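>>> generate coordinates for the sequence data below:
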Amino acid sequence: MTKELAYRRVVLKISGEAFCKQEQFGISSEPLETFVKELLPVYQQGLQMGIVVGAGNFFRGRDLVNFRFLRRTTADAMGMLATVINALALVDALTSEGINACAFSAIEIGRFCRPYRREEVIEKLNAGHVVILAGGTGNPFFTTDTCAALRAAELDADALFKATKVDGVFDGDPIVDPNAKKFDRITYSEMLSRQLAVMDLAAVSLCMNSKIPVIVFKMDTPGNLLRVATGEPVGTIIEE
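Numbering: from 1, shown residues only. So this is what the prediction gives:
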């Protein structure tokens, strides 16, 4: 028996690393197809979803700031452009499986991507499209985590899903510390006071001010996206 969805509309933040094999670069078909298969049952149940894509499979703007000749604003612009590449690939991957999808960009990029407009995005969500939100916030000095929190607030999302490599929020790095403790639930304030690094703290603050719960979960576990969407206790919930 199919469980009912716990949310009407969400924003999902995925890293660009979900587009390539581990320790590799660029875009690989296998992980992209795996992600689409995970999203398909959620789409079929009618969940309205905006997806904010990162660009870690190419580079992050902050990784270029040590270049003597490169300004931070330029590096961030390069990172925002890279998210558009991922968005275009994801739209084609989704539509190939019969999922209605379209991409919007916060940076003007001509015929390749529609400019982000809140009203048009909401129209597409209501019409049953998965909407890919590229270009970050359109401004330097902001992460794609912060972009996801901003879009969740703008689009009246019920929750922000943060897909990661780990099972949720821990009090340490579980990759290097096997004794790190996982939180099933944690408040925004505790996230901020502990400065836990699983999510950009500016994004946490924005979600706190907008009262948007954040669910941090491991994307690599098959079926996790559907479990989160139906309200199963997966990962960590960040809330008041």
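
>>> which strands and helices sit next to the longest helix belonging to the chain?
If you go by DSSP state H, the chain has its longest helix at helix 72-95. Here helix 72-95 touches helix 29-44, strand 48-53, strand 101-105, strand 130-134, going by 3 or more C-beta pairs under 8 Å, 6 or more residues apart in numbering; DSSP states H and E. Just so you know, the C-beta spots here come from the backbone N, C-alpha and C atoms, and that holds for glycine as well.

>>> out of these, which is closest to Val234?
helix 29-44 (12.7 Å; C-beta to C-beta).

>>> quick one: that closest one to chain centroid distance?
A distance of 14 Å separates the C-alpha centroid of helix 29-44 from that of its chain, computed with C-alpha atoms, centre = their mean, to the nearest Å.

>>> CA atoms only for the longest helix of the chain, dumped as CSV, please.
Backbone C-alpha positions of helix 72-95 (Å, rounded to 0.1, in the frame of the first residue of the first chain) are rendered in CSV as follows:
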residue,chain,number,x,y,z
ARG,A,72,36.0,36.0,-5.5
THR,A,73,33.1,37.5,-7.5
THR,A,74,34.5,36.0,-10.7
ALA,A,75,35.0,32.6,-9.1
ASP,A,76,31.5,32.6,-7.8
ALA,A,77,30.2,33.5,-11.2
MET,A,78,32.0,30.5,-12.7
GLY,A,79,30.4,28.3,-10.1
MET,A,80,26.9,29.6,-10.9
LEU,A,81,27.4,29.0,-14.6
ALA,A,82,28.5,25.4,-13.7
THR,A,83,25.2,24.8,-12.0
VAL,A,84,23.4,25.6,-15.2
ILE,A,85,25.3,22.8,-17.0
ASN,A,86,24.1,20.4,-14.3
ALA,A,87,20.5,21.7,-14.6
LEU,A,88,20.4,21.2,-18.3
ALA,A,89,21.7,17.6,-18.0
LEU,A,90,19.1,16.9,-15.2
VAL,A,91,16.2,18.2,-17.3
ASP,A,92,17.0,15.9,-20.2
ALA,A,93,17.5,13.0,-17.8
LEU,A,94,14.1,13.6,-16.2
THR,A,95,12.2,14.1,-19.4
